[in-house]
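Chemist: Have a look; sequence and predicted model below, questions after that.
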Amino acid sequence: MEITITEKEQKGKRPADSSLGFGTIFTDHMFNMDYSPEKGWYNPRIEPFENFSLSPATMMFHYGQAIFEGMKAYKTSDGSIQLFRPQENFKRFNKSARGMCIPELDEKFALDSLKTLLKIEKDWIPETPGTSLYIRPTIIATDPFLGVRASHSYRYFIILSPVGAYYAEGFNPVKIWISTEHVRAVRGGVGEYKAAVNYAASLYASEKAKKQGYAQVLWLDGVERKYIEEVGAMNIFFVINNELTTPELNGSILPGVTRNSVLHLGKKWGMNVSERKISVDEVIAAHTNGTLQEVFGAGTAAVISPVGEIRYGDKIMNIGNGKPGDIAVKFNNAITDIQYGRAEDTENWIEKVL
Ligand code: COI
């Protein structure tokens with residue numbers, strides 16, 4: 001398929017790298033493509049970033065049939081531009097699509113068209129270490145219809161946003177709150193898909209957590225409310241008695257690309273790595289007996305995010321000494337060194353754009 005390109009006349013200006021937060025600034029252009037049952041995916045186009053005009057009856061507004069992905073483009077010190085394991089994101093995007101009754105994309109075309117967009121927007125990619133161009137591919141249901149069923153028509157779009165750190169804390173340890181009352185997802189539901197509704201389902205508890213000074217909610221499983229699942233914006237890792245462990249994928253946890261990269265590197269480095277059920281009781285016991293060495297999150301937006309405090313009911317567990325732990329630092333350095341081209345891409349994770 002040929003991509004139609006319409007360039008914006010008056011180009012915007014990328015703000016200073018030092019002013020970048022997360023997800024507030026958008027580049028000049030976006031990618032759009034539509035789907036109908038008759039035509040399949042059609043009319044791929046890169047055009048100026050602009051508002052959509054959609055019927056108020058558009059199904060996505062009412063029933064939330066929408067999925068997205070998160071990736072980043074990095075500028076290396078020699079000025080080249082690269083992506084980190086984008087094939088994994090498009091594979092997961094299609095998995096999310098299947099789970100949400102959305103038509104799949106051709107993964108090769110999706111990656112090629114993203115690269116075409118990035119080449120046009122290359123000047124928007126920040127250069128300072130820790131900054132990048134966040135990529136948000138999204139598909140929404142577009143039938144103007146109020147009956148409850150899967151939509152017949154869809155819009156696929158990609159928007160780009162120059163970003164700094166996801167958390168205001170940067171790489172300093174964040175505080176997370178285990179919700180005892182609310183659940184994000186249940187096995188058999190849609191928790192393992194990157195579906196917009198999972199994030200909507202997390203908001204009530206997240207707001208409660210924020211009011212108490214916590215950056216995020218650490219979710220327990222929705223059935224027994226006993227086992228650790230994930231943090232919503234990232235997966236979670238524990239180092240207990242020299243074992244690097246993360247909750248096993250059980251159908252209600254997002255299979256993170258960064259999660260997978262941490263597991264891969266940990267095994268390669270000869271660490272004792274496991275994916276298994278981790279109960280909140282085990283974490284409390286490990287904290288009490290001094291074997292809870294480190295806790296950190298892993299995700300595209302957050303990269304590696306050390307956790308310095310976990311609250312469960314009235315119990316507050318402080319982890320480390322207010323500084324990022326050595327293992328979190330080691331993973332963060334190894335992954336970002338590959339992403340920014342400072343280290344050799346020994347795992348074949350880098351996709352060059354330019
Ligand atoms: C990501 O890490 O890319 C995410 O999608 C998490 C969050 C910003 C929604």
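Modeler: Looks like it came in fine. Numbering: from 1, shown residues only.

Chemist: The protein: helices as residue ranges?
Modeler: 59-63, 86-99, 107-120, 196-200, 203-211, 257-268, 280-288, 326-339 (DSSP state H).

Chemist: residues making contact with the last one?
Modeler: Which is helix 326-339. For helix 326-339, the external contacting residues (CB atoms under 8 Å, 6 or more residues apart in numbering) are 72, 74, 82, 84, 129-130, 132, 171, 239, 244, 258, 261-262, 265-266, 293-294, 296, 298, 303-306, 324, 342-343, 345-347, 349-350. Heads up, the C-betas are built off the backbone N, CA and C, glycines and all.

Chemist: Among the residues you listed, which lie within strands?
Modeler: Using DSSP state E, the subset of those located in strands is 72, 74, 82, 84, 132, 239, 244, 293-294, 296, 298, 303-306, 350.

Chemist: Specify the beta-bridge partners of the residue nearest to residue 5 when sequence neighbours are not counted.
Modeler: Leaving aside its chain neighbours, residue 5 sits nearest to residue 46 (4.7 Å; criterion: CB to CB, 6 or more residues apart in numbering). According to DSSP bridges, the residues that bridge with residue 46 are residue 5, residue 31.

Chemist: Pick out the residue of the stretch 51-200 of the chain closest to the ligand.
Modeler: Closest approach of the stretch 51-200 of the chain to the ligand (CB to the nearest ligand atom) occurs at residue 70, with a separation of 2.0 Å.

Chemist: Surely that residue touches residue 303?
Modeler: No: counting by CB atoms under 8 Å, residue 70 sits too far from residue 303 to count as a contact (11.4 Å).

Chemist: neighbour-wise, which of those two wins?
Modeler: It is residue 303, of residue 70 and residue 303, that has more neighbours when counted by other CB atoms under 10 Å, with 23 against 19.

Chemist: Against residue 94, how distant is that one?
Modeler: Remark: distance between residue 303 and residue 94 (CB to CB, to the nearest Å) = 24 Å.

Chemist: can you give me the offset of stretch 219-238 from its chain's centre?
Modeler: The chain centroid and the centroid of stretch 219-238 are separated by 16 Å under CA atoms, centre = their mean, to the nearest Å.

Chemist: could you give the mean pLDDT of it?
Modeler: Along stretch 219-238, the predicted local confidence has a mean pLDDT of 96.

Chemist: buried sites along it?
Modeler: By 16 or more other CB atoms under 10 Å, the buried positions in stretch 219-238 come out as 219-222, 227-238.

Chemist: Measure how buried residue 147 is and give me the count.
Modeler: Burial of residue 147 is recorded as 8 neighbouring residues (other CB under 10 Å).

Chemist: Give me the pLDDT value at it.
Modeler: At residue 147, the pLDDT value in this model is 98.

Chemist: Also residue 321?
Modeler: Confidence at residue 321, expressed as pLDDT, is 88.

Chemist: same deal with the one 10 residues further on?
Modeler: What the model reports as pLDDT for residue 331 is 98.

Chemist: Any stretches of the stretch 201-350 of the chain with poor pLDDT?
Modeler: Across the stretch 201-350 of the chain, no stretch falls below the confidence threshold (pLDDT under 70).

Chemist: and it, which of its residues are near the ligand?
Modeler: With the criterion set to CB under 6 Å from any ligand atom, the stretch 201-350 of the chain comes near the ligand through 233, 299-301.

Chemist: farthest pair in the residues you listed?
Modeler: Based on CB to CB, the longest span within these runs between 233 and 300 and measures 9.4 Å.

Chemist: Noted, bye for now.
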